[in-house]
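Novice: predicted model, plus sequence, below.
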Amino acid sequence: MKQSVFKITENKQIARSVFRMVLCGDTSEVTAPGQFVNIKLEGKYLRRPISVCDVDGSALTLIYKVVGEGTEAMSLMAPCEELDLLTGLGNGYDTLKSGPRPLLIGGGVGVPPLYLLAKKLVAEGKKVSVILGFNTADEVFYEKEFAELGCRVTVTTVDGTRGIKGFVTDALPSDFTYFYTCGPEPMLRAVYADTAVSGQFSFEERMGCGFGACMGCSCRTVTGTKRICREGPVLEKEEILWQTRK
């Protein structure tokens, strides 16, 4: 974990209530896809945890949805403004278990951390498939970006206004060797129930400190108590205890 000041170089809306922010700073602590940063905002007591979407040299890309005062304040920030970030937080995805045909499943703002993961898997020579799930067409983002990496991309929307009508589980292929997923818990539970192979789940969780000190995001697993911000946010399928996770 490292505390650093980053300068905003881009902050623009890319879908309904969804923004992409690109910052410049010390990204050396970001070592795995699926990690997150914790952002200090003026006038807010708690930092805001945001998943890392991409890292390219000193450029750090974050994608966030405006859901409250903190993210609304972020959406109004302009290039050249600075933010205080804690970087290198969380336990990211492990690509060594993916097999030759990994499947990435993202729902809403659970999509961003899968982008850096897809880049790494493609660079390793894997044939990557991606399912992106949203409620409606104006919420869809990063379909083109995943396709440009060489991924096979499928979009689902609950109302059928874009791609396949339904949920991400309605688009599951039959030829994947392993899966990685991130999104709201109801989606994660459905993916767990409808997949026969192993995989890794990244949980969206309210956090206090973001680095394991407050124990506010602790959950039980088959191997004992784990903190979503520290030992997570990525957990393996076989260790999840759904009924006692909270």
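Specialist: Yes, it's here.
Novice: ok, Gly163 - contacts?
Specialist: Gly163 sits next to 140, 154-157, 171 when contact means Cβ atoms under 8 Å, 6 or more residues apart in numbering. For glycine as for every other residue, the C-beta is placed from the backbone atoms N, C-alpha and C.
Novice: can you redo these as JSON lines with neighbour count and secondary structure?
Specialist: Shown next, in JSON lines, are the contacts of Gly163 (neighbours: other Cβ atoms under 10 Å; DSSP: H, G, I helix; E, B strand; the rest coil):
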{"residue": "Val140", "neighbour count": "23", "secondary structure": "coil"}
{"residue": "Thr154", "neighbour count": "21", "secondary structure": "strand"}
{"residue": "Val155", "neighbour count": "19", "secondary structure": "strand"}
{"residue": "Thr156", "neighbour count": "23", "secondary structure": "strand"}
{"residue": "Thr157", "neighbour count": "21", "secondary structure": "strand"}
{"residue": "Ala171", "neighbour count": "18", "secondary structure": "helix"}
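Novice: if I look at Leu23, how far off is Val191?
Specialist: Taking Cβ to Cβ, to the nearest Å as the measure, Leu23 falls 31 Å from Val191.
Novice: quick check: longest strand of this protein.
Specialist: Longest strand in the chain by number of residues, with DSSP state E as the criterion: strand 2-15.
Novice: in whichever helix or strand comes after it, which residues are buried?
Specialist: On the C-terminal side of strand 2-15, the closest following helix or strand by DSSP states H and E is strand 18-24. Across strand 18-24, burial judged by 16 or more other Cβ atoms under 10 Å covers 18-23.
Novice: helix/strand/coil for the residue most central in space within the chain?
Specialist: The centroid of the chain falls nearest to Pro113 when counting by Cα atoms, centre = their mean (3.2 Å). What DSSP: H, G, I helix; E, B strand; the rest coil gives for Pro113 is helix.
Novice: please name the nearest non-neighbouring residue to it.
Specialist: Ranked by Cβ to Cβ, 6 or more residues apart in numbering and with sequence neighbours excluded, the top spatial neighbour of Pro113 is Ser51, at 4.1 Å.
Novice: mind pulling the model confidence for Arg16?
Specialist: Here the pLDDT value assigned to Arg16 is 97.
Novice: need phi/psi at it.
Specialist: Backbone torsions of Arg16, given as degrees, to the nearest 10, read phi -60, psi 120.
Novice: so what's it up against?
Specialist: For Arg16, the contacting residues are 138-139, by Cβ under 8 Å, 6+ apart.
Novice: can you check Pro184 too?
Specialist: Contacts of Pro184 by Cβ under 8 Å, 6+ apart are 107-108, 110, 204.
Novice: from Val5, how far out is the spatially most distant residue from the centre of the chain?
Specialist: Residue farthest from the centre of the chain, counting by Cα atoms, centre = their mean, is Gly43 at 25.9 Å. Distance, Gly43 to Val5, by Cβ to Cβ: 18 Å.
Novice: can you check Leu89 too?
Specialist: Distance from Leu89 to Val5, by Cβ to Cβ: 16 Å.
Novice: show me where the chain has its helices.
Specialist: Per DSSP state H, the chain carries helices over the ranges 69-75, 112-123, 143-148, 185-194.
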